[in-house]
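Novice: Everything below, folded, please.
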Amino acid sequence: MGSVEVDLATASTRELVNAIAAITHELAGRSAPESPAACMDIAETLAAASDQQESALAALIGRVDTSGELRRWGLPSTQAWLRSRLGMRETRAKERITLARQRHRLPPLTQRLAT
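Specialist: The predicted model follows:
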């Protein structure tokens with residue numbers, strides 16, 4: 001088990017993502033608590049955090065999608081990138097692209113996902 005220290009106010013996006021990755025790796029290796037009530041509480045908190053992570057991922061995908069950066073990497077589309085580099089199935093890649101492209105049209109939803 002390692003430790004993660006991040007100053008949330010000054011950390012870069014990369015530093016925050018690295019911290020999330022380290023914490024998620026540690027969490028995935030642990031057993032669920034014995035208490036079903038504790039599991040319910042933790043699952044609800046984790047689900048809310050997952051929604052926030054999806055919002056952040058949609059913002060990143062959206063930036064890549066509109067930038068043309070994929071062509072520099074020899075990829076024909078955002079969907080191809082998500083499928084080949086992130087290992088997504090076609091349907092999931094399409095869903096994420098749709099969310100990324102429509103995110104700006106849904107400010108209340110975007111705000112709810114981020115909180």
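Novice: Mind checking what helix or strand follows the host helix or strand of residue 63 in sequence?
Specialist: Following DSSP states H and E, one finds residue 63 within helix 36-67. Next helix or strand after helix 36-67 toward the C-terminus (DSSP H and E): helix 69-72.
Novice: tell me which residues in the helix holding residue 63 are buried?
Specialist: 55, 58, 59, 61, 62, 64, 65 (16 or more other CB atoms under 10 Å). Yep, even glycine has a C-beta here, placed from its N, CA and C like the rest.
Novice: Show me where this structure dips below the pLDDT cut-off.
Specialist: For the chain, the stretches flagged by pLDDT under 70 are 1, 107-115.
Novice: okay, now the domains of it?
Specialist: The record's domain parsing of the chain by automatic domain parsing lists 1-30, 36-114.
Novice: In contact with residue 64, which residues are there?
Specialist: 70, 78, 81 (CB atoms under 8 Å, 6 or more residues apart in numbering).
Novice: list the contacts for the nearest residue to the second one once chain neighbours are set aside?
Specialist: Sequence neighbours aside, residue 65 is the residue nearest to residue 78 in space, at 4.4 Å (criterion: CB to CB, 6 or more residues apart in numbering). For residue 65, the contacting residues are 78, 97, 100, 101, taking CB under 8 Å, 6+ apart as the criterion.
Novice: right, and the first one touches residue 97 too?
Specialist: Yes. Residue 78 lies in contact with residue 97 (CB atoms under 8 Å); the separation is 5.4 Å.
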